[in-house]
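1. give the three-dimensional model of this entry:
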Amino acid sequence: MEEQTTMSTRARGRRLAATAGVLALAVVLSACRYTGWNDGPAKTAGNDAVDWIVTQQQNDGGFEVAGFPGFETPDAVLAIAEDAQQQWSWSKPQALAAVQAVTKNGNDPLDYLDDFAEGGINAGQAAKLIVLVTAPLGLSATAFDPEGDGATNLVAIVDAGAQPNGSYGAFNATLYAAMAKRLVSGSVPANTLAYIRAAQEASGGFDYLGDPNGNDADVDTTAAAIQALAAANVPGTDADLRDALEFLAYAQQSNGAWQAFGSDDPNSTAMAMLGITAAGFDPNASCWRDVVAPSLAGDPYAKPSDWLRTRQLPSGRVQSPNDGFGINTFATSQAVEAWRRGWIPVTPIAPQTCP
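-> Numbering: from 1, shown residues only. Down below sits the predicted model:
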């Protein structure tokens, strides 16, 4: 008989942290990053979202509801790991235990990702596995082998994709490769940082193709580029970083959301929140906007985290304008990442000074 999805470990682990201890730890460590740890409504929304995500698990253990191998599962894994955290500081053992506890048909998400990695992946896919799966769960990136049937060296795959000009293939792949390199080697290659900088459009944004001469900059790519710049250890006053933030500031809607293809979009909103956090700011406060776009200072500011919650259904799923093409887990998983912000951005700049 098919094994049903199990969440007992996750359920037992919820809301167990002592409030006083958590708040004290947050005070000590808050100089490192802004998170959603003390945001009660966001934590509740994240809990409900993950409850829905696990109902979408497939028989192979993965979450590829849309049918594109490797597209949804890494983010679903990180969402589950985020929901499992019982304290402000990140616990890899808690993350791993929570992910392994979610099973269907005898398979957990890591079983699926093991098979996915063995099937032949490119540098960008390997980099995403490092950033979203192996690093936060404390698994080996050089010998990824959850099923014990033969290890895959994800770092070697990323390195094999390196081009002389600093890219790793597609521009998005390059951005995730930069983050992965920071995690596994402690630095981003100098030519990769130069390649990313050279891709910035005059608007301050970045487009999917990494074309500096284009005019199609989008929120998602720009936010990922900010995370990559932060991974490269640029200072908070870096001109390219500030220009990218300014692009996000003018792209934000009055309700707190960011758009994709003309519609308020949960994925774009989540990515913008992660980019702003990577730059050393709290996306739920207007400070970041007022610093990089002074002409907007004084205008009303709506919290993007609150807007994301308006998109959540009673089931826990976060609605997307792309649902008409088929409902999947991607928007919900990225919403959890943005609400919690416990793992990504992987190397945020220290909190910046506000007026």
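2. helix or strand next in line after the one helix or strand in the chain whose mean pLDDT sits lowest, which one?
-> Ranked by mean pLDDT, DSSP states H and E, the weakest helix or strand in the chain is helix 19-29, scoring a mean of 32. Scanning forward in sequence from helix 19-29 by DSSP states H and E, the next helix or strand is helix 40-55.
3. and that next one, what's buried?
-> Residues of helix 40-55 classed as buried: 42-43, 45-54 (neighbour count, 16 or more other CB atoms under 10 Å). Glycine gets a C-beta too; all of them are placed from N, C-alpha and C.
4. and for stretch 163-183?
-> Here stretch 163-183 shows 166-183 as buried, counting by 16+ other CB under 10 Å.
5. pLDDT and distance to Ser305 added to the buried residues of helix 40-55, as JSON lines?
-> As requested, the buried residues of helix 40-55 are exported to JSON lines (pLDDT from 0 to 100; distance: CB to CB, whole Å):
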{"residue": "Ala42", "pLDDT": "96", "distance to Ser305": "5"}
{"residue": "Lys43", "pLDDT": "97", "distance to Ser305": "11"}
{"residue": "Ala45", "pLDDT": "98", "distance to Ser305": "8"}
{"residue": "Gly46", "pLDDT": "98", "distance to Ser305": "10"}
{"residue": "Asn47", "pLDDT": "98", "distance to Ser305": "15"}
{"residue": "Asp48", "pLDDT": "98", "distance to Ser305": "14"}
{"residue": "Ala49", "pLDDT": "98", "distance to Ser305": "13"}
{"residue": "Val50", "pLDDT": "98", "distance to Ser305": "16"}
{"residue": "Asp51", "pLDDT": "98", "distance to Ser305": "19"}
{"residue": "Trp52", "pLDDT": "98", "distance to Ser305": "18"}
{"residue": "Ile53", "pLDDT": "98", "distance to Ser305": "18"}
{"residue": "Val54", "pLDDT": "98", "distance to Ser305": "22"}
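6. inside strands: which ones of the buried residues of stretch 163-183?
-> Judged by DSSP state E, the subset of the buried residues of stretch 163-183 located in strands is empty.
7. in helices, which of these fall?
-> 171-183 (DSSP state H).
8. now for these: which two are most distant?
-> Using CB to CB, those span at most 19.4 Å, a distance reached by Phe171 and Leu183.
9. any chance of the buried residues of helix 40-55 in JSON lines, plus distance to Ala244?
-> Listed next are the buried residues of helix 40-55 as JSON lines, based on distance: CB to CB, whole Å:
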{"residue": "Ala42", "distance to Ala244": "24"}
{"residue": "Lys43", "distance to Ala244": "29"}
{"residue": "Ala45", "distance to Ala244": "27"}
{"residue": "Gly46", "distance to Ala244": "27"}
{"residue": "Asn47", "distance to Ala244": "32"}
{"residue": "Asp48", "distance to Ala244": "32"}
{"residue": "Ala49", "distance to Ala244": "28"}
{"residue": "Val50", "distance to Ala244": "30"}
{"residue": "Asp51", "distance to Ala244": "35"}
{"residue": "Trp52", "distance to Ala244": "32"}
{"residue": "Ile53", "distance to Ala244": "30"}
{"residue": "Val54", "distance to Ala244": "35"}
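10. from those residues, which two are the most distant?
-> Ala42 and Val54 (18.9 Å).
11. where do the helices of the stretch 101-250 of the chain begin and end?
-> When assigned using DSSP state H, counting those that start in this stretch, the helices of the stretch 101-250 of the chain occupy the ranges 109-118, 123-129, 135-137, 154-160, 171-185, 190-198, 219-231, 239-251.
12. any chance of these in a markdown table, plus distance to Trp90 and mean pLDDT?
-> What follows is the helices of the stretch 101-250 of the chain, written out as a markdown table (distance: least, CB to CB, whole Å; pLDDT from 0 to 100):
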| stretch | distance to Trp90 | mean pLDDT |
| --- | --- | --- |
| helix 109-118 | 18 | 98 |
| helix 123-129 | 18 | 98 |
| helix 135-137 | 7 | 98 |
| helix 154-160 | 20 | 98 |
| helix 171-185 | 13 | 98 |
| helix 190-198 | 25 | 98 |
| helix 219-231 | 16 | 98 |
| helix 239-251 | 24 | 98 |
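13. could you dump those to TSV with distance to Gln94?
-> TSV is the format used below for these (distance: least, CB to CB, whole Å):
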stretch	distance to Gln94
helix 109-118	15
helix 123-129	20
helix 135-137	10
helix 154-160	22
helix 171-185	19
helix 190-198	32
helix 219-231	23
helix 239-251	31
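14. out of those, which gets nearest to Leu308?
-> Closest to Leu308 of the helices of the stretch 101-250 of the chain is helix 219-231 (CB to CB; 13.9 Å).
15. quick one: that closest one to helix 239-251, angle?
-> Orientation of helix 219-231 against helix 239-251 (axes from the mean of the first three to the mean of the last three CA atoms, to 10 degrees) gives an angle of 150 degrees.
16. flag every buried residue along helix 219-231.
-> Within helix 219-231, the residues scored as buried using 16+ other CB under 10 Å are 219-231.
17. quick check, nearest of these to Thr192?
-> Using CB to CB, the buried residues of helix 219-231 come closest to Thr192 at Ala228, 8.3 Å.
18. residues in contact with the closest residue in space to Glu118 that isn't next to it in sequence?
-> Distances taken as CB to CB, 6 or more residues apart in numbering put Thr152 closest to Glu118, at 5.9 Å, once the chain neighbours are dropped. Thr152 sits next to 114, 117-118, 143-145 when contact means CB atoms under 8 Å, 6 or more residues apart in numbering.
19. brilliant, that's me finished.
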